[in-house]
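# Build me a structure from this.
(3 chains)
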Amino acid sequence: MSTATLEPRVRASRNYLNADYGWKSWLFTVDHKRIALLYLVSITFFFMIGGSFAVLMRINLTEPQGALVQPETYNKLFTLHGIVMVWFFLIPSIPAVLGNFLVPLMVGSRDLAFPKLNLLSWYIFIVGGLFTLYSAIAGGVDTGWTFYTPYSSMYTNTQVTAVAIGVFITGFSSILTGLNFIVTIHKMRAPGLTWFRMPLFLWSMYATSIILVLATPVLAITLVLIALEHLFHVGIFSPGLGGDPLLFQHLFWFYSHPAVYIMILPAMGVVSEIIPCFARKRIFGYKIVAFSSVAIAVLGFLVWGHHMFVTGQSVYAGLIFSLLSFLIAIPSAIKVFNWTSTLYKGSISYEAPMLYAMGFIGLFTMGGLTGLFLASLATDVHLNGTYFIVAHFHYIMVGGAVMGYLGGIHFWWPKISGRKYPNGWAALAAAIIFIGFNLTFFPQFILGYLGMPRRYAFYPAEFQVLNVMSSAGATVLGVGYLIPLVYLIWSMRYGPIAEPNPWGATGLEWKTSSPPPTENFAEIPVVTEEAYAYAAEEAAGD
Amino acid sequence: MQSLPFQPEQASSIAKSVDQLYFFLTAVTLFFTALIFSIIFYFMIKYRRRSPNERPKAIEGSFPLEVLWTAIPTLIVAMIFVWGSVLYFRNSEAPKGSMEIFVTGKQWMWKVEHPEGQREINELHVPLGRPVKLTMTSEDVIHDFFVPAFRVKKDVLPGRYTSLWFSATKVGTFHLFCAQYCGAFHAGMIGSIIVQQPDEYERWLAGGVPGESMEQAGAKVFQASGCPTCHLADGTGLGPSLLGVYGQPVKLTTGQTITADDAYVRQHILNPKATTVFGYHPIMPSFQGQLTEEQLNNLVAYIRALGKATPAPKEAGKQ
Amino acid sequence: MTDAEAHAQNAGLAHQFEDLEQQQETDALGIWVFLVTEIMFFGGLFASYAIYRWLYFAAFQGGSHILDIRLGAANTIVLLASSLTMALSVRSAQAGNRRALALFLVATMILGGIFLGVKAVEYNQKFVEHVVPSLDWAPEGQTLARLAPGGLEHAQIYFFFYFAMTGLHALHMIIGEGLLLWLVVRARKGNFNPHYFAPVEVVGLYWHFVDIVWIFLFPLLYLIGGRY
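Numbers count the residues shown, from 1 in each chain, chains lettered A, B, ... in the order given. As a prediction, this is how the structure comes out:
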């Protein structure tokens, strides 16, 4: 099964983890693999924080009048939950952890195009995070992660400026990461690695990077405007001066809609790697899947108005945005069918990464289809601003993106750490997460159609049963997330040592040791075969 | 179609049609989810790995299949788009002869004013079976007027009017929610829509504090603000006569022709120089900051009423 | 080639690259991608400006007429000249002319400095005329007479954008001055040669971009609706 000539029990004597010791060797590293681990630790920390806010929110919502906190506190909780999860967990997650680790390995180079810029990205991320943590401690923010004006700029007296600065700074981390990936993929592919021989994970990193680079600057300038208005009360988004509160929404959503594709495309890329490996089949329709990623990235810039159907904008604008929003469902649907078809006549095994990939497909399909309810103007009128929206985006971002992230962590863990984790526990955790997730968020679809608005710290009693169900599910989900933390950390010391290619996967990253040496490859590889060369006549030297 | 247990009551003329589309969307979602789940489940079992050295043959793909599963979703999606858009379009304009009610949202309450002058806080009484058009604005931040049982919702913005309409088909009391986060007591900005039989509604209307109608109040604001000084009724003043103007096309000094609707009237009072009528000098002062939302609403009601009168004769030199 | 030439050729070759050519191409692509992000960054401001200008043309015109068009035009010429000297410094690096490289870099810095000085004078004028939105908004006399017809509140929006756009531009200029200084130091140390001058090229592209932003800013802010 593996192409290793090394004895499995013998650890590679020199690898990027033991190449150097001491905190300086980590904090001043320019090795993309170490930087990936710096990100791994940081985003896990932020995930815990964002997750804690969610736990407090769900506890509060077990009772109609609010079980735990005052409304003002609840409003700060959901705001910071959104800000931390979106900008400090989801957006960096796969690109900054798995992307940073794998892109140079997958293209067959020794590092990214700009290693020092990569380290700078991480420091920028940390500084932005510190500003945001400061704003949370110094009183919090209560505007919602969407910062709608004029509430955020002229009415609230919470820490809007501090958090705007924090997110602004972190945006540059995204931009520089995207820039690094684009240039690396263009200029540093190994000999023989043509575009259409690249693994689909690289295609999805490329498409994601296009969005990172084009959309994030617009968020940056929008945050500058909000901060200026909050500080100086100029009123450019406020009617007092003739300002337009909807202009803010257009600017904000011009970034934030593409941002959701930043969150899902990488997860799709992970799934495109896992399924061929565990079905031992080339992905069905490689080029179509590659082009779909790019299509989603491009179309993603054209649909922002679907967040504004009920703002009183023109009916014709609504029609155009609705049509485009429907169109963007098509490439996603195509991918789901292609992944499913890859299983046909395959040879399928069910280790944890595959379970996460399967979970992704199911939950992403559901979440994506519920998007149709929202793209449709007549139903969106009823559903906008309700729990239906909350359920929809959590299905995609948690059921989709987070499961994709966890699947990727489990798939590449042996490569990253040089160790294997116990598959039984991993499968159990995946199942608990899947069940807990559905218990938490499915009731919210119903709550939404019944009319319960979102961002309510307390609610009419008739909504209690479904809220309690959702909160109970959240407990299960929380437990599910903690389990991998335990066994993954355990594995770093006690897990069986991993061979270079424990899954028998194709891809350049599996042709070097686990963990890889600092310089990635003893010699830069030359690529002679297509991606996903799993079939018998293609597999070389097995 | 009976309401399912997971729906709010169907209490407006459009609720059923919205629910039908929702039902179809739910069916599509369930169908495709079940399809994908079951195919995956089936493949996972049928093609499970039986021996560690299995190496299935490669399958590149299938262009016909790709076309098929691109075309079918596209058709389904196109159908949903057309259905949803037609419904939305049909429901976007209030029918002629709708009862016009003004709503003002402010942190954290709803203020309602009936044309007859009747005022309500966090409640809106309406008669059964009659189309009601709400003209809404906010005194502070963005709010949203949401009545789940009617399947209607519209943001309420500061500095401008938005509107929605509905026709209630059931007597009863229905939730009104604010559906756009607006600060500390967003969750408390709720109220009730009370639908009554028409005669009961008339009784309620008459039984309230007798006051002046919005039109009468508006006439007073008009006088007190000095408007008649320029807007002489016979058209000989420094500003145009307002008789028969509301709802009609108006040519501006910029050359554009716009309709004198609520938005224009309100905006012109607050920022007149940007939208001066063709043939007149831009000398109208701005009333920004001098009128409350309520006074503005009353003025709009008054000017709407003037719009029903016969227009003044056109002055040769003016237009 | 001789050992010395080979050494000179590979000086500055980073470990992740095969050869200097790949490194130079990568650096060039990198700065172009970065400049695209800068276009999007300024773009958000420009788009907002365009919308408000369309809505409140008279007010924006009034505000524009308060700006000193001679200073604006002079600054435009200064910046264009600085782009010329910048291009010449890249050429000098390419040609291996160390003295010219340093001289042209310094000339670029000086011209940039003049631009910033003139900008400071203009900003000071705005403070004197009390047309700083929210902080010191109290136009009087002639200024008030020019702004009132279009609506004073909307004129405040114009000046907000004036300060935001020129301020963001000036910030980029200051960063550019810092980058130029860094280049001057490295040039004098002899870091650059005909095979390795990517940093000069990269900063050059950045500088040209900042210049182009001004080429858009000047007519948009200073030349609205003709002059009296």
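
# the helices in the stretch 401-542 of chain A, which residues?
A:403-417, A:423-450, A:464-494 (DSSP state H, counting those that start in this stretch).

# Oops, could you answer that again for chain C instead?
Under the criterion DSSP state H, chain C contains helices at C:3-10, C:20-55, C:57-66, C:69-95, C:98-128, C:141-147, C:152-188, C:198-222.

# just those: most buried one?
Neighbour counts (mean count of other CB atoms under 10 Å in any protein chain shown) averaged over each of the helices of chain C peak at helix C:57-66, with a mean of 22. Every residue, glycine included, has its C-beta placed from N, CA and C.

# Which elements pack onto that one?
The contact analysis (3 or more CB pairs under 8 Å, 6 or more residues apart in numbering or on different chains; DSSP states H and E) places helix C:57-66 against helix C:141-147, helix C:152-188.

# Report the distance from that helix to the chain centre.
24 Å (CA atoms, centre = their mean, to the nearest Å).

# Could I get the average pLDDT for that helix?
Here helix C:57-66 scores 90 as its mean pLDDT.

# tell me the angle of it relative to helix C:20-55?
Angle between the axes of helix C:57-66 and helix C:20-55 is 120 degrees (criterion: axes from the mean of the first three to the mean of the last three CA atoms, to 10 degrees).

# who touches helix C:57-66?
B:273-274, C:52-53, C:129, C:131, C:143, C:146-151, C:154-155, C:157-159, C:162, C:221-225, C:227-228 (CB atoms under 8 Å, 6 or more residues apart in numbering or on different chains).

# Chain A next: which of these are close?
Counting by CB under 8 Å from any CB of the partner chain, C:52, C:151, C:154, C:157 from those sit close to chain A.

# who's in contact with the last one?
Translated: residue C:157. So residue C:157 contacts A:234-236, A:241-243, C:52, C:56, C:59, C:133 (CB under 8 Å, 6+ apart).

# of these, closest to residue C:212?
Lowest distance from residue C:212 to the contacts of residue C:157 (CB to CB) belongs to residue C:52, with 22.6 Å.

# Kindly state the pLDDT recorded for that closest one?
For residue C:52, pLDDT reads 93.

# That one and residue C:161 touch, don't they?
Yes: between residue C:52 and residue C:161 there is a contact under CB atoms under 8 Å: 7.0 Å.

# how close does the nearest residue to residue A:296 once chain neighbours are set aside get to residue A:299?
Using CB to CB, 6 or more residues apart in numbering or on different chains and skipping residues adjacent in sequence, the residue nearest residue A:296 is residue A:331, 5.1 Å away. Remark: distance between residue A:331 and residue A:299 (CB to CB, to the nearest Å) = 7 Å.

# These two: which has the busier surroundings?
Higher neighbour count among residue A:331 and residue A:299: residue A:331, with 22 against 18, using other CB atoms under 10 Å in any protein chain shown.

# The more buried one against residue A:292, yeah?
Yes: counting by CB under 8 Å, residue A:292 is a contact partner of residue A:331 at 3.8 Å.

# Within range of chain C, give me the residues from chain B.
So chain B meets chain C at B:271, B:273-274, B:282, B:286, B:288 (CB under 8 Å from any CB).

# repeat that for 7 Å
Contact residues, chain B versus chain C (CB under 7 Å from any CB of the partner chain): B:271, B:273-274.

# What's the first helix or strand after the helix or strand hosting residue B:164?
Using DSSP states H and E, the element containing residue B:164 is strand B:162-167. Downstream of strand B:162-167, the first helix or strand assigned by DSSP H and E is strand B:172-178.

# pretty sure residue A:175 is touching residue A:218, no?
No: counting by CB atoms under 7 Å, residue A:175 does not reach residue A:218; the two are 11.0 Å apart.

# Where does the prediction get shaky in chain C?
Residues of chain C meeting the criterion pLDDT under 70: C:1-11, C:226-228.

# circling back: okay, the helices of the stretch 401-542 of chain A, which one's buried deepest?
Ranked by mean neighbour count under mean count of other CB under 10 Å, the helices of the stretch 401-542 of chain A are led by helix A:403-417, which reaches a mean of 25.

# If you count contacts, what does it end up packed against?
Helix A:403-417 sits against helix A:245-279, helix A:352-375, helix A:464-494, with contacts defined as 3 or more CB pairs under 7 Å, 6 or more residues apart in numbering or on different chains; DSSP states H and E.

# With respect to residue B:20, which of those helices lies nearest?
helix A:352-375 (13.1 Å).

# Report the distance from that closest one to the chain centre.
The answer for helix A:352-375 is 14 Å, by CA atoms, centre = their mean.

# is chain B contacted by the next helix or strand after that helix?
The C-terminal neighbour of helix A:352-375 among helices and strands, as given by DSSP H and E, is helix A:377-383. Yes: Helix A:377-383 comes into contact with chain B (CB under 7 Å from any CB), by way of A:377-379, A:381-382.

# Show me which of these is closest to chain C.
In terms of CB to the nearest CB, no member of those lies closer to chain C than residue A:377, at 24.3 Å.

# show me what contacts that closest one?
Counting by CB atoms under 7 Å, 6 or more residues apart in numbering or on different chains, residue A:377 makes contact with A:309, A:318, A:322, B:84-85, B:88.

# low-scoring stretches of the chain, by residue?
Picking chain A for this. Looking at chain A by pLDDT under 70, you get A:1-12, A:536-542.

# wrong chain, I was asking about chain B
By pLDDT under 70, the weakly predicted segments of chain B are B:1-5, B:208-210, B:314-319.

# For the residue nearest to the spatial centre of it, give me its contacts.
Central residue of chain B (CA atoms, centre = their mean): residue B:164, 2.6 Å from the mean position. Residue B:164 sits next to B:134, B:145, B:152, B:154 when contact means CB under 7 Å, 6+ apart.

# what do you get for residue B:115?
Residues counted as contacts of residue B:115 (CB under 7 Å, 6+ apart) are B:100, B:213-215, B:301.

# redo that, cut-off 6 Å
Listed by CB atoms under 6 Å, 6 or more residues apart in numbering or on different chains, the contact set of residue B:115 reads B:100, B:213-214.

# Narrow those to those that are buried.
Among these, the ones that count as buried by 16 or more other CB atoms under 10 Å in any protein chain shown are B:100, B:213-214.

# could I get those as a markdown table with secondary structure?
Formatted as a markdown table, these follow (DSSP: H, G, I helix; E, B strand; the rest coil):
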| residue | secondary structure |
| --- | --- |
| B:100 | strand |
| B:213 | coil |
| B:214 | helix |
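
# Count the residues that sit near the residue lying closest to residue A:379 once chain neighbours are set aside.
In space, and not counting its chain neighbours, residue A:379 is closest to residue A:373: 5.0 Å by CB to CB, 6+ apart. Other residues within reach of residue A:373, judged by other CB under 10 Å, total 26.

# any idea how far chain C is from residue A:373?
Separation of residue A:373 from chain C (CB to the nearest CB, to the nearest Å) stands at 31 Å.

# How about residue B:240?
Per CB to the nearest CB, residue B:240 is found 20 Å from chain C.

# does that residue sit in a helix, a strand or a coil?
Of the three states, residue B:240 takes coil under three-state DSSP.

# Would you confirm that it contacts residue B:279?
No: counting by CB atoms under 6 Å, residue B:240 stays clear of residue B:279, with 8.2 Å between them.
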